[in-house]
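1. when you get a sec, could you give me coordinates for this:
(one chain, ligands or ions: 1)
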Amino acid sequence: MAKKIGRRTFIKQSTVAAAAAGVTYRTGVSFAAAGAQADEAKVDALLGRMTLEEKIQMLHGTLRRGFIGYVPAIPRLGIPELTLTDGPAGVRHGPGTMFPAPVALAATWDRSLARDFGAALGAETKAKGQNILLGPMVNIVRVPEGGRNFETFGEDPYLTAQICTAEIRGIQSQGVMAEVKHYAANNQEKDRLQVSAEVDERTLREIYLPAFEAAVKEAKVGSVMAAYNKVNGTFSSENTHLLKDILKTEWAFDGFVVSDWGATHSTVEAANNGLDIEMPGGAFFGEALLAAGRAGHVSQATIDDKVRRILRMMVRFGFLDRPAKVGPIDFKAQRQVARRVAEAGVVLLKNEGNLLPLDISSFKSIAVIGAYADRAASGGGGSARMAPLNTVGPLGAIADKIGNRAVLQFLKFVPGKDLSKSDPPTTGAGLLADAAQLAKECDLALVFARDFETEGADRAAITLPDEQDELISTVVQANPRTVVVLNTGCMVLVSRWADVVPAIVQAWYSGADDGNVVADVLFGDVNPSGKLPITFPRTREDTGVVTAEQYPGANGKGLYAEGVFIGYRHFDKDNIAPQFAFGHGLSYTTFEYGTVKLSSKRIKPGESLTVEVEVKNSGRREGAEVVQFYVQDLQASVPRPIKELKGFEKIVLRPGQAKVVRINLDARSMAFYDVTKKQWLVEPGQFKVMCGSSSRDIRVSAEFEVGA
Ligand code: BGC
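-> Numbers count the residues shown, from 1 in each chain. Here you go, the predicted model:
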């Protein structure tokens, strides 16, 4: 029965997305057709005046101090330089705004915030005199240890595609080009320069490619970065199936492909198989390409196509009329965007007995414990590392928040070493005793735990490093009123203590304002509304990638034997209870779901359907809920997941307020990739739509039939 609930507001997915984008996009046409024609004429005119040497100069980077990627200008023709900079969590050309890690953006499940995040990154890129931003990174979390998981948008292709298209639209709204990366199946750091992702076509299409496809078709991304790894035996940078068949032909990508830094391995193969620019230097696409062009091993038409693609994008993005120029940056405004994203991305994993939000008046003393609690967990390492202007750590932010209303005590727990005391270092065990003692003396213990994820190396294990598990167990034993704040870039194993710790907050790497963000959530100035973009397993063995053949791989091959069953798709298939499910995240208020209404109970293959559900804030605080829609094909002829995310909306509701969320399920939401027919296929039969607050908290569902 549908509950009769308050005032109704209709949210329509398509209008929200279009409004957020601020632009109307039409398939195959980026701007007005007439404009596009004029652009092509301009490109052809320029191309006609270029010498072969000038063309080759545009097809590789030139190392220039202070620049991550640089293609020099051709002043004779009025073609400006290309300046490429990282990255996904901040603009690395000098210090600047440190945004939260992309995984935190994904945890917001908020398209309009993703657009704001992109626009802020784009604005800072432009003001730093750069014209291409090397992001977003849209590789799917496959390997739990993956060193770059913090740079991704999680384990689900639909969520990743939604966040990435919004971010790209934001970046490109500033006249800056985004470069979506790393194409494709770049899912581990171990052996990343040579490992071959052995992945079947259906899995590629359904899991690893959709975000790239959406970046190209929907967000009109200007450039794509080819990954380091091989895919099915061929380096991504010379993989004709990926670059030519799929990207440039099937998806009609009219921008250009850049190799990851040092990911080019050949001249003729790479040039003929679809790579357009070698980065960062010209070992293969410099003199060698010039020679190959002269000798006819790479045709004039192929070289022209590459240059045309680059010039086309330079014209489209206005680079020819507006060469990269340094300008002012409103760091205050930038930081506000970063903070809003970080706040909206915090996930309240557990809150037994409503311990949170903390009511300062009920605590006389608070213990803050953790090796890193006095420093911001602002970001991960590698090419996404950002040099922040300044940061705020949790200890300082909490001290500011409570003022003199309670006594704050800090223990900097470092295993085997006590940095907060001047006496000789004690043993790890001794420090655990110190932590227990302090926790016992105080009314409340806040434990901060973190990990350190970085490009170039996978995590050794997905447990917390540095005896932090022992610390948490010890503290909660000493004082059951313990809150754990996790600053990790991806999932960690928490089963040793998760059952006994009453409140757990997942705060990712939250950017420059990490401390402020966490303090605002703990003390209730912000009502958490983030949802997990990844599954937290109970044990490492519970995940879908467990054998050595799968990861790190054997004989140079990483076998994607799990197929489409990664993340929650695997947990559902094998009926394994996760520690915290994909899509999970609590609020300081509660939400009630009405029944699901479908626009039709029976459709033909290829038709779409609208699904709506009414959601009400049944608690006492304003809060935001991410209403999630999952689809199941109940009569599939191939093994298909029990649930696949195909729609979501984040809505803000005042206490007692209700809204109707309506989404459109198009044919693709019901389809699987048919490898024999080489196309997306909707099979006739029964389908189920599940709607809920997480992938394991389905509140209502309905069935429909696709007729033959
Ligand atoms: C990374 C890319 C990055 C590039 C330039 C590479 O090592 O894989 O993501 O954009 O370096 O810094």
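2. which residues does Ala106 contact?
-> Shown in contact with Ala106 (CB atoms under 8 Å, 6 or more residues apart in numbering): 152-154, 159-160, 163, 345, 533. Bear in mind the C-beta positions are built from the backbone N, C-alpha and C, glycine included.
3. neighbours of the closest residue to Leu243 other than its chain neighbours, how many?
-> Leaving aside its chain neighbours, Leu243 sits nearest to Gly274 (2.8 Å; criterion: CB to CB, 6 or more residues apart in numbering). Neighbour count of Gly274, defined by other CB atoms under 10 Å: 28.
4. could you find the closest non-adjacent residue to the residue nearest in space to the middle of the chain?
-> In the chain, the residue lying closest to the centroid (CA atoms, centre = their mean) is Phe153, at 2.0 Å. Excluding the flanking residues, the one nearest Phe153 by CB to CB, 6+ apart is Ala106, at 3.7 Å.
5. Asp666 now?
-> Ser608 is the one closest to Asp666 (CB to CB, 6+ apart), at 4.4 Å.
6. same check on Thr165?
-> Setting aside the residues directly before and after it, Thr165 is nearest to Ala219 in space (CB to CB, 6+ apart), at 4.1 Å.
7. got phi/psi on the residue nearest to Leu243?
-> Backbone geometry at Gly274, expressed as degrees, to the nearest 10, gives phi 120, psi 0.
8. show me what contacts it?
-> Gly274 neighbours (CB under 8 Å, 6+ apart): 238-240, 242-244, 247-248, 257.
9. so which bits of this structure are right by the ligand?
-> Proximity of the chain to the ligand is confined to 68, 86-87, 134, 181, 260-261, 383 under the rule CB under 6 Å from any ligand atom.
10. hmm, 5 Å instead?
-> Selection of the chain residues close to the ligand by CB under 5 Å from any ligand atom yields 68, 86, 134, 260-261, 383.
11. low-confidence regions, this protein specifically.
-> 1-34, 416-430 (pLDDT under 70).
12. which of the residues of the chain next to the ligand are buried, as a ChimeraX select command?
-> Under the burial definition 16 or more other CB atoms under 10 Å, those of the residues of the chain next to the ligand that qualify are selected in ChimeraX by:
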select :68,86,134,260,261,383
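13. OK, now which residue of the stretch 401-550 of the chain is nearest to the ligand?
-> Glu455 (6.1 Å; CB to the nearest ligand atom).
14. measure the residue nearest to the centre of the chain to Pro136 for me?
-> Noted for Phe153: a distance of 7 Å to Pro136, by CB to CB, to the nearest Å.
15. what touches both of these two?
-> Contacts common to Phe153 and Pro136, judged by CB under 8 Å, 6+ apart, are 102, 163-164.
16. and the residue of the stretch 51-200 of the chain that's closest to the ligand?
-> In the stretch 51-200 of the chain, the residue that lies nearest the ligand is Leu134 (3.8 Å; CB to the nearest ligand atom).
17. tell me the contacts of that residue?
-> Contacts of Leu134 (CB under 8 Å, 6+ apart): 68-69, 84-88, 179, 181, 225, 383.
18. tally of neighbours for the residue nearest to Asp514 when sequence neighbours are not counted?
-> Among residues not flanking Asp514 along the chain, Ala376 sits closest, at 3.9 Å (CB to CB, 6+ apart). Neighbours of Ala376 under the rule other CB under 10 Å: 27.
19. ok, the residue nearest to Leu243 to Ala498 distance?
-> Taking CB to CB, one finds Gly274 at 47 Å from Ala498.
20. what do you get for Lys350?
-> 7 Å.
21. what about the two, which has more around it?
-> Lys350 (21 against 17).
22. run a quick neighbour tally on the residue nearest to Asp666.
-> For Ser608, the tally of surrounding residues (other CB under 10 Å) stands at 14.
23. what do you get for Ala104?
-> 31.
24. skip the chain neighbours and tell me the closest residue to it.
-> Per CB to CB, 6+ apart, closest to Ala104 is Gly345, 3.6 Å.
25. the one you found reaches Pro102, doesn't it?
-> No. Counting by CB atoms under 8 Å, Gly345 stays clear of Pro102, with 9.7 Å between them.
26. these two: which is more packed in?
-> Pro102 (36 against 31).
27. could you check how far the more buried one is from Val492?
-> Applying CB to CB to Pro102 and Val492 gives a distance of 18 Å.
28. can you pull the contacts of the residue nearest to Asp666?
-> Shown in contact with Ser608 (CB under 8 Å, 6+ apart): 664-667, 669.
29. circling back to that earlier point, farthest-separated two in the contacts of Ala106?
-> Thr160 and Gly345 (14.7 Å; CB to CB).
30. so how far is the ligand from Asp304?
-> The gap separating Asp304 from the ligand is 27 Å, by CB to the nearest ligand atom, to the nearest Å.
31. the residue nearest to that residue when sequence neighbours are not counted in helix, strand or coil?
-> Of all residues not flanking Asp304 in the chain, Leu47 sits nearest, at 6.1 Å (CB to CB, 6+ apart). When classified by DSSP: H, G, I helix; E, B strand; the rest coil, Leu47 comes out as helix.
32. Leu47 reaches Asp305, doesn't it?
-> No. Using CB under 8 Å, Leu47 is not in contact with Asp305, being 10.0 Å away.
33. which residues touch Glu179?
-> 84, 132-135, 221-225, 258.
34. please repeat the previous calculation with a cut-off of 7 Å.
-> With contact set as CB atoms under 7 Å, 6 or more residues apart in numbering, Glu179 has these partners: 132-135, 223-225, 258.
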